[in-house]
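> No sequence on hand, only this structure:
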């Protein structure tokens, strides 16, 4: 905050540094709240987390209601977004992607309603939302453009789209979205280095991340949407399964991160699950039975979301903080048997060891008190961000992986004792942070250790 708006980060991918590829809108938002309230950025993030959960679930509920003009459908969809781990997970994390998911839902639903109902105000809301997405999270922006672009092409072929409104949408969204990216492209040049993750099949995603119950009603919803063959059917199925198809291109050799793309697909899939539940409820003729099923869904959604929240493990804990789950393991097993067994996680750790979080804090404290701003190489990539953001010690990797340039020094060979004296001196590397069971390279000596980590100093 003290340096104002900067574009180049010399502290990660040190010593060369790299372009800061995250647009600054979310960070300016946090900085503004911090300046107004006098709270630290950490405290602001902690306080915003419950509000983000409320906002995300609330927007899912409201947009579902607007899509079908049905309060019950909106209510059911909101409950399924709480039951589904993949959708609820984002709501408890204070990140740009959390708000971006909300804007993506607004953008897609308003785009459909604007062109289906021929209402310019909905088209404008969709365009503004897309522009804001571009200034929050580029990956989601690309996927959202793909979804609405595909839908627009289909409707254009069918002759069911207003060309004037489409031009307005493109112009307005570009006015909001492009200034930041045009400036960065002109001055620095853009690149997007997608680092491939582990492949994840769609059926695995449904079982581990989407949830068994939401999957059952999602399948029912798909059946009724196909049976109805309405404009909403086309929109919802195209929205959901176009993203699912993109997530599976990794099996054709395309580098991508399946889980992150499937996470985005979970939101339209939840809309379909809510529709499936509404169809099932509509088949129940006994009003008392119908009320019992709805009450059970409400209780289960509330209990499951509490279990999800209880299962998160912070990456960092001070000595005075404890990460003890409020609910016993047996309750977690009843409410979330799949999660309790396989412990799936997206971004944030779950069911973790609090000792690890305490040990990371100790490493952070060591660098805060002892750093001479020489470069550190960390075996645990999570420590990169913790160390650089608290002590301003440069790190050789660190931060947002999709904007890490190709010229980054591979830290693995340094950790595994394969570096040279000349390389270490040329890069100005002074510290290695190793996992506790990793052998110390011959060119370093241990200066601090705890149960999980060793901090080593180059001694040649």
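Sure thing, it's come through. These numbers come from a predicted model, not from an experiment. Residues are numbered from 1 along each chain as shown.

> element containing residue 185?
Assigned by DSSP states H and E, residue 185 belongs to helix 163-187.

> got the contact list for the next helix or strand after that helix?
Sequence order places helix 202-205 as the next helix or strand after helix 163-187, per DSSP H and E. Applying C-beta atoms under 8 Å, 6 or more residues apart in numbering, the contact partners of helix 202-205 are 86, 244, 247-248, 258-259, 262. (Each C-beta comes from the backbone N, C-alpha and C, glycine too.)

> So which of these belong to helices?
Members of these lying in helices (criterion: DSSP state H): 86, 244, 247, 258-259, 262.

> between those, which is closest to residue 216?
Comparing those against residue 216 with C-beta to C-beta picks out residue 86 as the nearest, at 15.4 Å.

> which residues touch the spatially most central residue of the chain?
Centroid check for the chain by C-alpha atoms, centre = their mean gives residue 97 as the closest residue, at 4.9 Å. The neighbourhood of residue 97, defined by C-beta under 8 Å, 6+ apart, consists of 90, 136-137, 140.

> I'd guess it is in a helix, am I close?
Yes - counting by DSSP: H, G, I helix; E, B strand; the rest coil, residue 97 is part of a helix.

> that older thread, what is the most widely separated pair among the contacts of residue 97?
Spatially, the most separated pair among the contacts of residue 97 is 90 and 136, at 12.8 Å (C-beta to C-beta).

> one step back: I'd like the distance from the helix holding residue 185 to the chain centre, please.
In this view, helix 163-187 has its centroid 24 Å away from the chain centroid, taken as C-alpha atoms, centre = their mean, to the nearest Å.

> mind checking how far residue 47 is from residue 350?
Distance from residue 47 to residue 350, counting by C-beta to C-beta, to the nearest Å: 22 Å.

> Over to residue 213?
Going from residue 213 to residue 350 by C-beta to C-beta gives 19 Å.

> Could you list which residues are in contact with the nearest residue to residue 169 once chain neighbours are set aside?
Distances taken as C-beta to C-beta, 6 or more residues apart in numbering place residue 127 nearest to residue 169, at 4.7 Å, with adjacent residues excluded. For residue 127, the contacting residues are 168-170, 172-173, 176, by C-beta under 8 Å, 6+ apart.

> In PyMOL, how would I select just the buried ones from those?
Buried residues within the contacts of residue 127, by 16 or more other C-beta atoms under 10 Å, are selected in PyMOL with:
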select buried, resi 168+169+172+173+176
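
> so can I have JSON lines of the contacts of residue 127 showing distance to residue 321?
Shown next, in JSON lines, are the contacts of residue 127 (distance: C-beta to C-beta, whole Å):
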{"residue": "168", "distance to residue 321": "51"}
{"residue": "169", "distance to residue 321": "48"}
{"residue": "170", "distance to residue 321": "49"}
{"residue": "172", "distance to residue 321": "46"}
{"residue": "173", "distance to residue 321": "43"}
{"residue": "176", "distance to residue 321": "41"}
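
> Great, nothing more from me.
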